[in-house]
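Trainee: Okay, predicted coordinates and the sequence, questions at the end:
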Amino acid sequence: MFKFPDNFRSFTRLCLMATALTSGAATAADPNPAVAPWLGKEITITSSSLDDHVPAGAKLTLVYDSEDDVVRVCTRSIPTKRAVWRMDFAVPCLVALNVVPGERYCSADDVNTGDAEVLATCHRLRSHDVALHPAATKGAVELHDVIVFLLQPVPGQGHSISILLDSPSRVTHAGHIIGDSP
């Protein structure tokens, strides 16, 4: 008769843990293919009508976090150009955006026009309750929804984004923010 070694239970547990870890690594989330071309590219905010929220001249990089299955916004301030991120964006990679897949990429004109039905068909990244600047009430912080639209790529040029900010009352600010990668 065959007798299992005394440490067989430990060996079995070790094998089960190794299998779980290996299968978990094999099923780790991959970035959505619609977002992948924008990942890892440094994007410079080329224009911003809301400089106190998103400063023109500042830089950001979109990075995929497979553990949390989100895209993180890793920011970099340029103090010599007075383009300094504030509040939640001041901490690099703190803001997490969820991928909202669409049917197509928007154009800058689509975003500027603000037609909700058109924007609902576009690939975008979204986060709720991001602190961008202090509120009008002393000691309070105004939270925003941040929506990053991935703009239609132009052959031979970098990848561009357009950022919309929703206020706490869910009314879109009248600003327009554009960022481009080289």
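Mentor: Nice, thanks for sending it over. Values in this document were obtained by computation on a predicted structure and should not be read as measured data.

Trainee: so who does residue 146 touch?
Mentor: Residue 146 makes contact with 95, 97, 126, 127, 130, 132, 163, 164, 165 under the criterion C-beta atoms under 8 Å, 6 or more residues apart in numbering. Bear in mind the C-beta positions are built from the backbone N, C-alpha and C, glycine included.

Trainee: does residue 86 really touch residue 142, like I thought?
Mentor: No. Residue 86 lies out of contact with residue 142 (C-beta atoms under 8 Å); the separation is 11.4 Å.

Trainee: Between those two, which contacts overlap?
Mentor: Common contacts of residue 86 and residue 142, defined by C-beta under 8 Å, 6+ apart, comprise 132, 133.

Trainee: Tell me which stretches of this protein form strands.
Mentor: In the chain, the strands defined using DSSP state E lie at 42-48, 59-65, 70-76, 95-100, 124-134, 141-150, 160-166, 177-180.

Trainee: could you dump these to TSV with distance to residue 118?
Mentor: Below are these laid out as TSV (distance: least, C-beta to C-beta, whole Å):
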stretch	distance to residue 118
strand 42-48	21
strand 59-65	23
strand 70-76	22
strand 95-100	14
strand 124-134	12
strand 141-150	11
strand 160-166	13
strand 177-180	18
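
Trainee: out of these, which comes closest to residue 109?
Mentor: For the strands of the chain, proximity to residue 109 was assessed by C-beta to C-beta; strand 160-166 is nearest, at 9.9 Å.

Trainee: and the closest one with strand 42-48, angle?
Mentor: Counting by axes from the mean of the first three to the mean of the last three C-alpha atoms, to 10 degrees, strand 160-166 lies at 60 degrees to strand 42-48.

Trainee: Report all helices and strands that strand 160-166 contacts.
Mentor: The contact analysis (3 or more C-beta pairs under 8 Å, 6 or more residues apart in numbering; DSSP states H and E) places strand 160-166 against helix 108-113, strand 141-150, strand 177-180.

Trainee: Out of those, flag the one nearest residue 32.
Mentor: strand 141-150 (10.1 Å).

Trainee: what mean pLDDT does the closest one have?
Mentor: For strand 141-150, the mean per-residue pLDDT is 85.

Trainee: Nice, that's everything, thank you.
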